[in-house]
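**Q** here's a sequence, model it:
(2 chains)
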Number of protein chains: 2
Amino acid sequence: MEPSWMAEIQWSADGLVPAIAQDGASGRVLMFAYMNRESLLRTVETGEAHYWSRSRGRLWHKGEESGHTQRVIDINLDCDGDVILLSIDQVGGIACHTGRESCFFRRLEESAWVTRDDVLADPAVIYSGSKGKHT
Amino acid sequence: MEPSWMAEIQWSADGLVPAIAQDGASGRVLMFAYMNRESLLRTVETGEAHYWSRSRGRLWHKGEESGHTQRVIDINLDCDGDVILLSIDQVGGIACHTGRESCFFRRLEESAWVTRDDVLADPAVIYSGSKGKHT
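**A** Okay, here's the model as predicted:
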């Protein structure tokens, strides 16, 4: 039986909600993913962000391969109850599978997307034997 | 013919991408909505955030009724090219149709969603003759 707070969430037809992860210290938006009920429950229970990997069709404990887990500071819900905002502490300072702090590393400048962040760690080193990418 | 930077975006099957609006000064995440090609083009052309209202099935110039427009500071794209992050200046300091600064005004505390923000302006006053709500 799901907790009452979870029943207030407006899940999509496929049982997901979008989730935004924001760095609790810098305020930077680090990534965007989806959660299902199980991933949100696991997030609450463990204090570490869990998502639903649509590409792999399974529960995704963020950082399970890279070690770049996300410690949850707080969990927020929007006015419609259909989007989650996590404030997190990003372990290792790297949220993106490209080895950058944030997935939002490209900015539109004069009709082109310009990369504005350095790669902090080589993905080939971060991820051993996997592509490391979830969507 | 669409600009080359737009062709790099991975639109969903229904021609949308999720868009996150973040206050450029405070860093607070204010709202989450969707954009189609037209709304993103209009956003770039006008410097004010435009979304696609799924509930109304039409282009949505944010603030068109309330006056609470969003002046775009910059437009960012994530690693997969399928999520937009806008840094914006929120006119009136109110992004949410409930009259609050941010749509993310509920926080999970001891198994309940607790409202942590005050209503800054009565929605009945903000919106004349409309519900004011888009999703």
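
**Q** which helix or which strand is home to the residue lying farthest from the centre of chain A?
**A** Checked against the mean C-alpha position of chain A, the extreme residue using CA atoms, centre = their mean is residue A:110, at a distance of 29.2 Å. Per DSSP states H and E, residue A:110 falls between elements, in no helix or strand.

**Q** do residue A:66 as well
**A** Applying DSSP H and E, one finds residue A:66 in no helix or strand.

**Q** OK, contacts around it?
**A** Applying CB atoms under 8 Å, 6 or more residues apart in numbering or on different chains, one finds that residue A:66 lies in contact with A:92, A:94, A:97, A:126, A:127, A:132. The way it works is simple: take the backbone N, C-alpha and C, and place the C-beta from them, glycine included.

**Q** up against chain B, what does chain A have?
**A** The interface of chain A toward chain B, taken as CB under 8 Å from any CB of the partner chain, is made up of A:3-5, A:8, A:18, A:20, A:22, A:26-29, A:31-32, A:44, A:74-80, A:82-83, A:85, A:96-98, A:100, A:103-108, A:111-113, A:133, A:135.

**Q** okay, and which of those map to strands?
**A** If you go by DSSP state E, these have A:18, A:20, A:22, A:29, A:31-32, A:74-77, A:85, A:106-108, A:113 in strands.

**Q** how about chain A: which residue is closest to chain B?
**A** residue A:27 (2.9 Å; CB to the nearest CB).

**Q** re the thing from before, buried ones among the residues of chain A next to chain B?
**A** Neighbour counting with 16 or more other CB atoms under 10 Å in any protein chain shown marks A:5, A:18, A:20, A:22, A:28-29, A:31-32, A:44, A:75-80, A:82-83, A:85, A:96-98, A:100, A:103-108, A:113, A:135 as buried within those.

**Q** leaving out the residues flanking it, which one is nearest to residue A:67?
**A** Of all residues not flanking residue A:67 in the chain, residue A:92 sits nearest, at 6.3 Å (CB to CB, 6 or more residues apart in numbering or on different chains).

**Q** A helix includes that neighbour, no?
**A** Yes. Counting by DSSP: H, G, I helix; E, B strand; the rest coil, residue A:92 is part of a helix.
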